[in-house]
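Enquirer: Structure, please.
(one chain, ligands or ions: 2)
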Amino acid sequence: LLGGGIETQAITEFFGEFGSGKTQICFQLAVSVQLPKDKGGLEKNAIYIDTENTFRPDRIIQISEALELDPTKILDNIVVARAYNSDHQILMAEKAEDLIREKNIGVIIVDSLTSQFRSDYTGRGMLADRQQKLNRHMHGLQRLSDIYNLAVVVTNQVMTRPDFFFGDPTAPIGGHIVGHSATFRIYLRKSKGGKRVGRLIDSPNLPEGEAIFSIVKDGIRD
Ligand code: GTP
Ligand code: MG
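Expert: Numbering: from 1, shown residues only. Ligands and ions are numbered 1, 2, ... in the order given. Below you'll find the predicted structure:
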């Protein structure tokens, strides 16, 4: 679906409702970025900006063991940072440069991109402020990904659109700001029998399409 994987010098957004697998995909990527190049990795490390307190070391251990990697080493190479509010989150991304160089970072994961913004800027009156801040954050992330040739992966919840009567009545938070700044957008949804479906949307170089995957103890599998 992604033509070989997550691209560097780009922002990839996974969006979908609760339980659709966004966080699990982030866990998988924080591990697989560390794989040798001949196994599809970058032999680099991960920064994980956790805004919802959902980072789970035990899942990283399970995913690492499934790939026959040393879980302790893998965990050491994931720099987890808790973002307490949206300004803190923006600042963390802006101050990440030293860390990127020091720790040989190949992916910056922001899970979730929008949750803090959503609680800090409530109500329609604050929408413009929120979008402006979100825009600044996305530009900061894009800049890091360009300069350091790394991948940026962000997650985004969907909200129900009250003005939408046909088709899927959900839309990603952040609307066009996030949509235009993300290079690749993948919409995740739950399907029958515990399966999940990822749909690639708006890609600059890949055809739209869908892929089915499962979340298992070992991580994300086809
Ligand atoms: P929100 O953050 O709430 O928006 O959801 P999300 O999209 O981040 O969901 P997440 O990635 O956390 O997926 C949660 C789902 O993953 C659960 O409902 C489980 O079905 C599945 N899951 C999590 N851990 C495991 C595991 O160890 N084994 C299996 N088989 N499934 C798991
Ligand atoms: Mg999550």
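
Enquirer: Which residue ranges of this protein form helices?
Expert: 22-32, 57-66, 71-76, 86-94, 97-102, 115-120, 127-147, 175-181 (DSSP state H).

Enquirer: Pull out the buried residues from the longest one.
Expert: With burial defined by 16 or more other Cβ atoms under 10 Å, the residues of helix 127-147 counted as buried are 130-131, 133-134, 137-138, 140-142, 144-145. All C-beta atoms are positioned from the backbone trio N, CA, C, and that covers glycine.

Enquirer: of the residues you listed, closest to residue 21?
Expert: Distance to residue 21, by Cβ to Cβ, is smallest for residue 141 among the buried residues of helix 127-147, at 21.6 Å.

Enquirer: Please tell me I have it right and residue 196 contacts residue 214.
Expert: Yes. Counting by Cβ atoms under 8 Å, residue 196 does reach residue 214; the two are 6.7 Å apart.

Enquirer: These two: which has the busier surroundings?
Expert: residue 196 (20 against 15; other Cβ atoms under 10 Å).

Enquirer: contacting residues around the nearest residue to that one once chain neighbours are set aside?
Expert: Closest residue to residue 196 in three dimensions, ignoring its sequence neighbours and counting by Cβ to Cβ, 6 or more residues apart in numbering: residue 21, at 4.8 Å. Applying Cβ atoms under 8 Å, 6 or more residues apart in numbering to residue 21 gives the contacts 14, 188, 196, 213, 215, 220.

Enquirer: With respect to ligand 1, which of the buried residues of helix 127-147 is nearest?
Expert: Distances from ligand 1 to the buried residues of helix 127-147, taken as Cβ to the nearest ligand atom, are shortest for residue 134 (17.5 Å).

Enquirer: these two touch, right, that closest one and residue 117?
Expert: Yes. Residue 134 is in contact with residue 117 according to Cβ under 8 Å; the separation is 5.6 Å.

Enquirer: per-residue pLDDT, residue 127?
Expert: Note on residue 127: pLDDT of 88.

Enquirer: Ignore what I typed, I meant residue 122.
Expert: Note on residue 122: pLDDT of 88.

Enquirer: How many residues are close by it?
Expert: Number of residues near residue 122 (other Cβ under 10 Å) recorded here: 10.

Enquirer: who in the chain is up against ligand 1?
Expert: The interface of the chain toward ligand 1, taken as Cβ under 6 Å from any ligand atom, is made up of 16, 18-24, 54, 157, 215-217.
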